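J.: Requesting a structural model of the entry that follows:
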Amino acid sequence: MICFGYCRFRILNFIRVSNFGFRALRVLPWLFAGALAVPTARAHEARPAYLEIKETSPNQFSVLWRTPVLAGMRLPVALTIPGDVKNLKEPVEQELADSLLERRWIDAGANGLASKRIEFRGLQATITDVLVRVEMLDGRKWTTLVHPSRPWFEPSAAPSKLQVAGAYLRLGIEHIWTGVDHLLFILALMILVKGTRRLVATVTAFTIAHSITLAGATLGFVHVPQKPIEAAIALSIVFVACEIVHAREGRQGLTERWPWIVAFTFGLLHGFGFAGALSEVGLPQTAIPVALLFFNVGVEVGQLLFIAAILSLMALGRWFARREAIPQPAWAWRIAPYSIGGIAAFWMVQRIAGF
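T.: Alright, predicted model coming up:
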């Protein structure tokens, strides 16, 4: 958003001081595409923090607290357990490439954790959620999502299926919005595929495909190493970006002829990517179908909102262009495919190097 706001400011300022600035309005969609494709170290920048509480013996619990790390910076959120809860032994910390793990073993006293409040100090100053999983000794298991607007929870009762649905719906939306590689693939398809019916068919094929592999991988029917999948996802974006260039140069490619087949094929890869993100937070054992369904629905809602936003921006750019009746620069179309393809190629090399 900061990048797009800055681009908008520069464009408007350019329009005010130069007649040639009106030509910039002709390339507004392409400028937006370039702004979206800003290089990042990871395609998924925002992942939820994670808290797991397991009752190991009556009123005694093991606690796993994971906070994301991005660019060497730990998420500024601290787990706060009530003062009357005692540590059975000293906490243990472990640094991973993308997160910091803290393990605790606690004694909650005679009443357990039922009447106690666990807080996440600093969460209210972030845009990150905390996914919480609780497992009790009697077999009860549940999952809930803690938001910055209410940075605490009380493990007194399992959430309803409606609450689980809401939590995983939001997780799905957040995942697609922070999954820049998935968004760039969709954007590339939107640029390449002409006609509303063909675009709807293409997006539908992509949706069906990633829904299949998301369900299969999450439920354990298919096992695929995650790192090669992430590299292949980046390669799929490079492929479609190249197809855009070929199409504009008069060489009709596979994607332009049969976009739904290409979207379905690469959608299978992207579904494995979604499954990898979902496996990090897990599924509630008592509501697996509900959680899986609404995570997938959340992904689709986020995807449709993104498509609507891009189409609106493109329509706005065309409206300004018609209003001013100024021809589009011949080089404008190159901004989007070269930006998208360049960033995807960077991701591909980075992910291959990480094998």
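J.: doesn't residue 163 fall inside a helix?
T.: Yes: counting by DSSP: H, G, I helix; E, B strand; the rest coil, residue 163 is found in a helix.
J.: For burial, what's the neighbour tally of residue 130?
T.: By other Cβ atoms under 10 Å, the residues close to residue 130 number 26. C-beta coordinates here come from the backbone N, C-alpha and C atoms, glycine included.
J.: again with residue 155
T.: 22.
J.: How many neighbouring residues does residue 121 have?
T.: Other residues close to residue 121 by other Cβ under 10 Å number 13.
J.: residues contacting it?
T.: Counting by Cβ atoms under 8 Å, 6 or more residues apart in numbering, residue 121 touches 77-78, 80, 151.
J.: Narrow those residues to those in strands?
T.: 78, 80 (DSSP state E).
J.: Now the buried members of the contacts of residue 121.
T.: 77, 151 (16 or more other Cβ atoms under 10 Å).
J.: dump the residue contacts of residue 260.
T.: Contacts of residue 260 by Cβ under 8 Å, 6+ apart are 198, 201-202, 204-205.
J.: which of these tops the neighbour count?
T.: residue 202 (25 neighbours).
J.: Now do the same for that residue: its pLDDT.
T.: We note a pLDDT of 90 for residue 202 in this prediction.
J.: Can you redo the contacts of residue 260 as TSV, where the extra columns are distance to residue 185?
T.: Shown next, in TSV, are the contacts of residue 260 (distance: Cβ to Cβ, whole Å):
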residue	distance to residue 185
198	17
201	16
202	11
204	15
205	13
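J.: Let's have the contacts of residue 121 in CSV, adding distance to residue 351.
T.: As requested, these are exported to CSV (distance: Cβ to Cβ, whole Å):
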residue, distance to residue 351
77, 28
78, 32
80, 36
151, 34
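J.: what's the nearest residue to the residue in the chain sticking out farthest from the centre if we skip its chain neighbours?
T.: No residue in the chain sits farther from the centre than residue 110, which is 41.4 Å out by Cα atoms, centre = their mean. In this structure, residue 110 finds its nearest non-sequential neighbour in residue 59, 6.8 Å apart by Cβ to Cβ, 6 or more residues apart in numbering.
J.: ok, the one you found - contacts?
T.: 107-113.
J.: 10 Å - rerun?
T.: Applying Cβ atoms under 10 Å, 6 or more residues apart in numbering, we find residue 59 in contact with 85, 106-114, 137.
J.: And residue 265, by the same measure?
T.: 205-206, 209, 236, 254, 258.
J.: Quick one: the helices in the stretch 101-250 of the chain, in order.
T.: Taking DSSP state H, counting those that start in this stretch as the test, the helices found in the stretch 101-250 of the chain are 161-178, 180-192, 196-218, 226-248.
J.: Present those as JSON lines; the columns should include distance to residue 120.
T.: Formatted as JSON lines, the helices of the stretch 101-250 of the chain follow (distance: least, Cβ to Cβ, whole Å):
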{"stretch": "helix 161-178", "distance to residue 120": "15"}
{"stretch": "helix 180-192", "distance to residue 120": "26"}
{"stretch": "helix 196-218", "distance to residue 120": "26"}
{"stretch": "helix 226-248", "distance to residue 120": "27"}
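J.: Most tightly packed of those?
T.: Highest mean neighbour count of those: helix 180-192, a mean of 24 (counted as mean count of other Cβ atoms under 10 Å).
J.: and residue 170, what does it touch?
T.: 48, 129, 145, 147, 294-295, 298, 301-302.
J.: Tell me the most packed of those, by neighbour count.
T.: Counting by other Cβ under 10 Å, top hit in those: residue 295 with 26 neighbours.
J.: So that one is in contact with residue 167, correct?
T.: Yes: with contact defined as Cβ atoms under 10 Å, residue 295 counts as touching residue 167 (9.3 Å).
J.: Pass me the low-pLDDT residue ranges in the protein, would you?
T.: 1-47, 71, 156-159, 280-282, 285-286, 325-326, 328 (pLDDT under 70).
J.: Could you rerun that using 50?
T.: Low-confidence segments of the chain, defined by pLDDT under 50, are located at 1-45.
J.: Show me the residue at the heart of this structure, geometrically.
T.: residue 175 (2.5 Å).
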